[in-house]
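1. what follows is a predicted protein model with its sequence.
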Amino acid sequence: MASGPILLALGLMARLMPDHARPLCLTHQLTGLPCPGCGSFRALVLFTTGNLPQAFLTQPFMTLIYTGLALASMVAWLLWLLNKPSPTRPPIPAKAWKWLIAALALALLLNWAYLVAAGV
């Protein structure tokens, strides 16, 4: 429930930071290639300003993560305001966890390939 407000606060604080104080990617500086997380900070700033298309072009994977966290937070707050219980989910079987981890690894790899190709 707190992920949305925390995400918003981080994005607002990031927008107030001067350019010279923003974090730099050591991997990108040393190799010239972006790491899988390169652009996450810029994407967060763009996301919190409402510029979702540009945030997605900057860092697709993290923008989807930000969107999911924001939506989950909104649903949790709505359920809390309406005094409704949170839905329960069945436990995830061990075999499904393996597929989930493989899918996340593939998504990160595709995201990194996009960042390299786009020259982010």
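-> Happy to help now that I have it.
2. endpoints of stretch 80-91, how far apart?
-> Taking CA to CA, to the nearest Å as the measure, stretch 80-91 stretches 23 Å from start to finish.
3. in what helix or strand does the most centrally placed residue in the chain lie?
-> The residue lying closest to the centre of the chain (CA atoms, centre = their mean) is residue 62, at 2.8 Å. Using DSSP states H and E, residue 62 maps to helix 60-81.
4. ok, residues contacting that helix?
-> Helix 60-81 is contacted from outside by 1-5, 7, 36-37, 39-40, 43-44, 47, 52, 55-56, 85-86, 107-108, 111, 114, using CB atoms under 8 Å, 6 or more residues apart in numbering. (C-beta placed from N, C-alpha, C; glycine too.)
5. same deal with stretch 97-112?
-> Residues outside stretch 97-112 that contact it (CB under 8 Å, 6+ apart) are 34, 35, 36, 59, 60, 61, 92.
6. same deal with stretch 42-56?
-> 7-8, 10-12, 14-15, 58-59, 62-64, 66-67.
7. quick one: which of the residues you listed is nearest residue 26?
-> residue 59 (17.0 Å; CB to CB).
8. before we move on, the earlier item: just the buried residues from the contacts of stretch 42-56, in ChimeraX please.
-> In ChimeraX, this line selects whichever of those come out buried by 16 or more other CB atoms under 10 Å:
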select :7,11,14,58,59,62,63,66
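9. and residue 84, its phi and psi?
-> Backbone geometry at residue 84, expressed as degrees, to the nearest 10, gives phi -100, psi 150.
10. report the separation between it and residue 92.
-> From residue 84 across to residue 92, the span is 24 Å (CB to CB, to the nearest Å).
11. mind checking the SS state of the nearest residue to residue 10 once chain neighbours are set aside?
-> Of all residues not flanking residue 10 in the chain, residue 44 sits nearest, at 6.4 Å (CB to CB, 6 or more residues apart in numbering). The assignment at residue 44 comes out as helix when based on DSSP: H, G, I helix; E, B strand; the rest coil.
12. what distance do you get for residue 44 to residue 58?
-> 9 Å.
13. show the contacting residues for residue 5.
-> residue 73.
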